[in-house]
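**Q** curious how this folds, go ahead:
(3 chains)
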Amino acid sequence: MGFSAIDYEGELFSCFAFHAALVILKVLLMVPLTARQRFAKAVFSNAEDARVHPKGKVSLVDPDVERVRRAHLNDLENIPFFVLIGWFYLMTNPSLVIAKNMFRLFTVCRYLHTFVYAVVPLPQPARGIAFFGAFLVIVVMTVSVLLAAF
Amino acid sequence: MGFSAIDYEGELFSCFAFHAALVILKVLLMVPLTARQRFAKAVFSNAEDARVHPKGKVSLVDPDVERVRRAHLNDLENIPFFVLIGWFYLMTNPSLVIAKNMFRLFTVCRYLHTFVYAVVPLPQPARGIAFFGAFLVIVVMTVSVLLAAF
Amino acid sequence: MGFSAIDYEGELFSCFAFHAALVILKVLLMVPLTARQRFAKAVFSNAEDARVHPKGKVSLVDPDVERVRRAHLNDLENIPFFVLIGWFYLMTNPSLVIAKNMFRLFTVCRYLHTFVYAVVPLPQPARGIAFFGAFLVIVVMTVSVLLAAF
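**A** Here you go, the predicted model:
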């Protein structure tokens, strides 16, 4: 099937750029979210950081801080790959409606994932659904690119 | 030397897209690989996850689960950078034969890396060879881009 | 405002490619930096790795090794997103002077961050300033892309 150049002034690219920026913004938000937990619990990873807080101590096992850090790591396991494979996917002549809704599904799922993981922890399957909704989008785009490359 | 636009309908881009999708697919496969170990050992990172398994317990130090997670983290330390620097590398007018074989070497090495790390653990230097074969590809592409940017 | 195609032969793209390659090179340097600490302390993550050193032992909590690994993880939380959002940012018709200086600021800050975190540990706010200088660049580029996508 092959690949073709992206129309950077078109609607599809603009939608992709918007959702890529939204999910990258979501990763950036992990920084204040982690800082909030660190200062609330006075728990830091390094001796030089602990000194900035009157009660600061070094710990790598605080459950509330580690929960936020696991959410952050899960972002790293998913969000860069969405943006990376998305660029190739745009060149496979996807259906505009399908592509735009996949981008939206991914973004909504990743925001929900962080919310139920690290803001207001909820019982499963809340996080599982959010995770697999977003994961499915990456899988579909990756398979589409593999098929286009044959 | 400078950069020039990519021919998205050409053989080189198609080969890059194919290998980028293959290694991203490899990262995605870490999800079932991790889940398999978690359910086999009934070990989870969060209390709400442990509840989905009758014998589920929370542990962040199970050696079999952590081995798979280290393989996953090693992917994050390498695979996104292969795809990111690869885009620039395509614009440096590389030799078609060299570029295609570098993409293949990277993909084979990263699949082998996961296999000997997290599927059937093998003695060194198995994993070291797989790691450095792939790492060398990223180094060569990065240096090529730096030279082209002068 | 919208997006427009990148001039791959222009000065702005060349500057972006140069800095992207420089910060990716910085991530690659974490590999010898980690290896240096592992061999100095004879501390490894896996039994098969510990066997390559006469006094090698398995430990996941050595403070000097973990410090380097935290610096590496912090790279993964920032550097891929700089390159990913940078591609979109180039298409928003940014000011050449502002864009080039943002790329330079990011690169300098990330090299400094690793230096004060994992080479010669310095008291805060050294690492904080390096972190937020680079972080601010990603934030500004992400907001610029969101605005352009409206």
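**Q** can I assume A:L122 is in contact with A:H113?
**A** No - contact criterion C-beta atoms under 8 Å: A:L122 and A:H113 do not qualify, at 10.8 Å. Just so you know, the C-beta spots here come from the backbone N, C-alpha and C atoms, and that holds for glycine as well.
**Q** and the two? Which one has more around it.
**A** For the pair A:L122 and A:H113, the greater number of neighbours falls to A:H113 (25 against 14), based on other C-beta atoms under 10 Å in any protein chain shown.
**Q** which residues touch that one?
**A** A:A71, A:N74, A:R127, A:A130, A:F131, A:A134 (C-beta atoms under 8 Å, 6 or more residues apart in numbering or on different chains).
**Q** change it to 6 Å
**A** A:A130, A:F131 (C-beta atoms under 6 Å, 6 or more residues apart in numbering or on different chains).
**Q** and it, what element?
**A** Using DSSP states H and E, A:H113 maps to helix A:96-114.
**Q** could you pull out the buried residues of that helix?
**A** Buried residues in helix A:96-114, counting neighbours by 16 or more other C-beta atoms under 10 Å in any protein chain shown, are found at A:99-100, A:102-103, A:105-107, A:109-114.
**Q** and the residue of chain A found nearest chain B, how far is that from chain C?
**A** Distance from chain B to each residue of chain A (C-beta to the nearest C-beta) is smallest for A:A149, at 3.6 Å. A:A149 sits 21 Å away from chain C when distances are taken as C-beta to the nearest C-beta, to the nearest Å.
**Q** contacting residues for that residue?
**A** B:S14, B:A17, B:F18.
**Q** for these, which one is nearest chain A?
**A** Closest to chain A out of those is B:F18 (3.6 Å), distances taken as C-beta to the nearest C-beta.
**Q** so what's that closest one up against?
**A** A:A149.
**Q** and it, what helix or strand is that in?
**A** With DSSP H and E as the criterion, B:F18 is inside helix B:11-41.
**Q** so the residue nearest to A:P121 when sequence neighbours are not counted is in which element?
**A** Leaving aside its chain neighbours, A:P121 sits nearest to B:E48 (6.5 Å; criterion: C-beta to C-beta, 6 or more residues apart in numbering or on different chains). Element membership for B:E48 (DSSP H and E) is helix B:47-50.
**Q** in chain A, which residue sits closest to chain C?
**A** A:F18 (3.7 Å).
**Q** sorry, back to before: let's have the buried residues of helix A:96-114 in a markdown table, adding distance to A:N93.
**A** Shown next, in a markdown table, are the buried residues of helix A:96-114 (distance: C-beta to C-beta, whole Å):
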| residue | distance to A:N93 |
| --- | --- |
| A:A99 | 10 |
| A:K100 | 14 |
| A:M102 | 14 |
| A:F103 | 16 |
| A:L105 | 20 |
| A:F106 | 20 |
| A:T107 | 22 |
| A:C109 | 25 |
| A:R110 | 26 |
| A:Y111 | 29 |
| A:L112 | 30 |
| A:H113 | 30 |
| A:T114 | 32 |
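**Q** residues of chain A that sit close to chain C?
**A** A:8, A:14, A:17-18, A:21, A:24-25, A:45, A:48, A:52, A:76, A:80, A:83 (C-beta under 6 Å from any C-beta of the partner chain).
**Q** got JSON lines for those residues, with distance to B:P94 and pLDDT too?
**A** Shown next, in JSON lines, are those (distance: C-beta to C-beta, whole Å; pLDDT from 0 to 100):
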{"residue": "A:Y8", "distance to B:P94": "24", "pLDDT": "94"}
{"residue": "A:S14", "distance to B:P94": "31", "pLDDT": "97"}
{"residue": "A:A17", "distance to B:P94": "27", "pLDDT": "98"}
{"residue": "A:F18", "distance to B:P94": "32", "pLDDT": "98"}
{"residue": "A:A21", "distance to B:P94": "30", "pLDDT": "98"}
{"residue": "A:I24", "distance to B:P94": "29", "pLDDT": "98"}
{"residue": "A:L25", "distance to B:P94": "34", "pLDDT": "98"}
{"residue": "A:S45", "distance to B:P94": "41", "pLDDT": "96"}
{"residue": "A:E48", "distance to B:P94": "43", "pLDDT": "95"}
{"residue": "A:V52", "distance to B:P94": "47", "pLDDT": "92"}
{"residue": "A:L76", "distance to B:P94": "29", "pLDDT": "98"}
{"residue": "A:P80", "distance to B:P94": "24", "pLDDT": "98"}
{"residue": "A:V83", "distance to B:P94": "24", "pLDDT": "98"}
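**Q** filter those down to the buried ones, PyMOL style.
**A** With 16+ other C-beta under 10 Å as the criterion, this PyMOL line picks the buried residues out of those:
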select buried, chain A and resi 8+14+17+18+21+24+25+45+48+76+80+83
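**Q** that older thread, got the CA coordinates for the helix holding A:H113 in CSV?
**A** This file holds the C-alpha atoms of helix A:96-114, laid out as CSV (Å, rounded to 0.1, in the frame of the first residue of the first chain):
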residue,chain,number,x,y,z
LEU,A,96,-10.3,10.8,8.6
VAL,A,97,-13.2,9.8,10.9
ILE,A,98,-11.4,6.7,12.3
ALA,A,99,-8.1,8.4,12.7
LYS,A,100,-9.6,11.4,14.5
ASN,A,101,-11.6,9.2,16.9
MET,A,102,-8.6,7.1,17.6
PHE,A,103,-6.6,10.2,18.6
ARG,A,104,-9.5,11.3,20.8
LEU,A,105,-9.9,7.9,22.4
PHE,A,106,-6.2,7.8,23.2
THR,A,107,-6.1,11.2,24.8
VAL,A,108,-9.2,10.7,26.9
CYS,A,109,-8.0,7.3,28.1
ARG,A,110,-4.6,8.5,29.1
TYR,A,111,-6.0,11.5,31.1
LEU,A,112,-8.4,9.1,32.8
HIS,A,113,-5.5,6.6,33.5
THR,A,114,-3.6,9.2,35.4
